[in-house]
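Visitor: Just need the structure, nothing else, for what follows:
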Amino acid sequence: MTNNNSTISFVLDDKIVNIDFQNNNQYTPTTTVLEYLRNLPNHKGVKEGCAEGDCGACTVVIAQLNNYKQLSYKAVNSCIIFLPQLHGKQLITVENLGNSNTLHPVQTAMVTNDASQCGYCTPGVVMSLFALYKNINNPTKNEIDNALTGNLCRCTGYRPIIDAASQACANDGVDKFTKKENDIISLLETINKQDTISIVNKKQKYFVPFTIEKALKLKAQYPDAIILNGGTDVALRVTKKHELLPEIIDISEINELKHIKINDNSIEIGAGLNLEDVKKACENNFHELSSLLSVFGSKQIRNKGTLGGNIGSASPIGDTLPILMALDASIILISTDKERKIKLRNFITAYHTTKMEKHELIKSVEIPKIGKDTIIKSYKISKRKTLDISTVSAGFSLNLDENSTVKDIKLFYGGMAATTKRAEKTENFLIGKKWGRKIIEQAMPIIFDDFSPLSDARSSDDGRKLMARNLLLKFYSETT
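Guide: Got it, this is the predicted structure:
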């Protein structure tokens, strides 16, 4: 199937749906999937609770072809996904799972375990469990909790929902979708994913290139365009701030940006790889990064958010920045005529400002493998353990000599300044001194001189200083 440049195609209800934005006044390229579904007569199960990916009431499942020509099922928040991001994928909602006459195993388990009361959040919960059902057989309690982190339930409580998950997810993912997979794959393979999608109207321009080369040409043509690489942050400008985004280049369909290369001395992670896949890939070589990502948003957020997007936003509370800086990561930038590499710790220059030039894109992140003598730790303090923004975060690196004297130490903090910032005065005090409780207690007050944080809804400035100081003590206690 060929599509004209303004048409997207995806599978819903086992058939291909085409939306031509050029001849359709009902939708814009920044219409969310949630809005689209709520406008359909038979897909009202999806709900809006927060419009920012925090509650999970809008959870749907996206199935798409992986590198092995098989379908991969992922739970996502439909409230922060724009319609063009469905191109070439299957959209699955709670109505597709079953009805009152023929329930899906997940739905049956929810009923038999009395796992629903008011029902508002139930469709989203069911869709998260459906994704779990298709991916993990006989999941552990931790795997169930991880799948449900992004689904808030205020009345039922989670015990019966967890029981339902344990009961349902014991069939090796086999269900009615299994029988239809070959047909769905055949439909998806007919959708054109080579020609750049160009949606242009009087107010907006939205482009979806499928190669780095085409993306860079668009970037040169539209240097001020917003780069969308997942969109879990950019989408909030539409859903919460009600902004009109005039120019968007959506690079989330570029497979060249979704690679992982494990080299002798480093690992290179493509900027377009979603954070859930990054978490899995780093479990062995970079445990601290993987551990941090386990409390980054929710599984729905990590299934869409990307490493390049989190870095490119240059947020002072970007969760990955302190630990990546402690790991001495570098950013590989690409333009039409060259590539260049820059240390992440030098990449961010001011609040939401980087050294990336207008014609460049983030291609990948390179992390050197850490020697056995280097101690790396990451921390995140937030009001909730998961699905919450950092109040203070930290990434620390320490090297001691044979006499436990500090040879080198790096203390990177998020949430303490307009950018992720080092506690340089504290570092300079500690270098050359014996690593011990007494010297740590002397160093802790120096952190007050390193930072002048702001007070906001998450914490006062004094509170942040206290957290930063105590994280240094925690770091010491975990290294001895």
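
Visitor: Helices of the stretch 1-150 of the chain, start to end?
Guide: For the stretch 1-150 of the chain, helices defined by DSSP state H, counting those that start in this stretch occupy the ranges 33-38, 94-97, 105-112, 122-135, 141-148.

Visitor: Arrange these in TSV, one row each, with mean neighbour count and distance to residue 467 as further columns.
Guide: Glycine gets a C-beta too; all of them are placed from N, C-alpha and C. TSV is the format used below for these (neighbours: other Cβ atoms under 10 Å; distance: least, Cβ to Cβ, whole Å):
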stretch	mean neighbour count	distance to residue 467
helix 33-38	21	35
helix 94-97	21	41
helix 105-112	20	40
helix 122-135	26	32
helix 141-148	18	25
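
Visitor: closest one to residue 463 among these?
Guide: helix 141-148 (28.5 Å; Cβ to Cβ).

Visitor: tilt between that closest one and helix 122-135?
Guide: 130 degrees (axes from the mean of the first three to the mean of the last three Cα atoms, to 10 degrees).

Visitor: Give me the mean pLDDT for helix 141-148.
Guide: Mean pLDDT, helix 141-148: 96.

Visitor: Stretch 297-314 now?
Guide: 96.

Visitor: before we move on, what about stretch 174-186?
Guide: pLDDT averaged over stretch 174-186 gives 97.

Visitor: contacting residues around it?
Guide: Contact with stretch 174-186 is made by 11, 14, 63, 65, 69-71, 90, 92, 104-105, 133-134, as judged by Cβ atoms under 8 Å, 6 or more residues apart in numbering.

Visitor: centroid residue for this protein?
Guide: Nearest to the mean C-alpha position of the chain, by Cα atoms, centre = their mean, lies residue 305 at 2.6 Å.

Visitor: Can you report how many residues neighbour the closest residue to that residue other than its chain neighbours?
Guide: In space, and not counting its chain neighbours, residue 305 is closest to residue 232: 4.2 Å by Cβ to Cβ, 6 or more residues apart in numbering. Using other Cβ atoms under 10 Å, the number of residues around residue 232 comes to 27.

Visitor: can you pull out the helices in the stretch 201-350 of the chain?
Guide: Going by DSSP H, counting those that start in this stretch, the stretch 201-350 of the chain shows helices at 212-221, 234-239, 275-281, 287-293, 299-304, 307-312, 320-326, 344-347.

Visitor: tell me which residues in the first one are buried?
Guide: It refers to helix 212-221. Neighbour counts using 16 or more other Cβ atoms under 10 Å place 212, 214-219 of helix 212-221 among the buried residues.

Visitor: if we look at the helix or strand of the chain with the lowest mean pLDDT, which residues are touching it?
Guide: Using mean pLDDT, DSSP states H and E, strand 260-262 stands out as the lowest-scoring helix or strand of the chain, at a mean of 91. With contact meaning Cβ under 8 Å, 6+ apart, strand 260-262 is reached by 267-270, 273, 277, 281, 285.

Visitor: Buried subset of those residues, written for ChimeraX?
Guide: Here is the ChimeraX command that selects the buried residues among the contacts of strand 260-262 (16+ other Cβ under 10 Å):
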select :267,268,269,270,273,277,281
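
Visitor: Please identify which pair of the contacts of strand 260-262 lies farthest apart.
Guide: 270 and 285 (16.0 Å).

Visitor: that older thread, quick one, which of the contacts of stretch 174-186 are buried?
Guide: 11, 63, 65, 71, 90, 92, 104-105, 133-134.

Visitor: farthest pair in these?
Guide: So, the buried ones among the contacts of stretch 174-186 by Cβ to Cβ: farthest apart are 65 and 105, at 24.5 Å.

Visitor: How is this protein divided into domains?
Guide: Here the domain parsing of the chain from automatic domain parsing is 1-193, 371-480.

Visitor: want to throw these into JSON lines with distance to residue 343?
Guide: Putting these into JSON lines (distance: least, Cβ to Cβ, whole Å) gives the following:
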{"stretch": "domain 1-193", "distance to residue 343": "31"}
{"stretch": "domain 371-480", "distance to residue 343": "12"}
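
Visitor: Ok, which of those comes nearest residue 245?
Guide: The nearest among the domains of the chain, by Cβ to Cβ, is domain 1-193 at 5.9 Å.

Visitor: how many neighbours does residue 67 have?
Guide: 8.

Visitor: How about residue 388?
Guide: 17.

Visitor: Now for the nearest residue to it once chain neighbours are set aside: which residues touch it?
Guide: Leaving aside its sequence neighbours, residue 388 sits nearest to residue 382 (Cβ to Cβ, 6+ apart; 4.0 Å). For residue 382, the contact set (Cβ under 8 Å, 6+ apart) comprises 295, 388-391, 458.

Visitor: Who wins on neighbours among these?
Guide: residue 390 (24 neighbours).

Visitor: Can you name the helix or strand that residue 397 falls in?
Guide: Assigned by DSSP states H and E, residue 397 belongs to strand 392-400.

Visitor: do residue 362 as well
Guide: strand 361-368.

Visitor: Compute the distance from the centre of that strand to the centre of its chain.
Guide: 16 Å (Cα atoms, centre = their mean, to the nearest Å).

Visitor: And for stretch 98-114?
Guide: 30 Å.

Visitor: and what of stretch 174-182?
Guide: 28 Å.

Visitor: Please apply the same query to stretch 317-325.
Guide: 13 Å.

Visitor: what comes into contact with it?
Guide: For stretch 317-325, using Cβ under 8 Å, 6+ apart, the contacting residues are 288-289, 292-293, 296, 307, 310-311, 315, 344-345, 348, 365, 367, 376, 378, 380, 389-390, 393-395, 410, 412-415, 420, 422.
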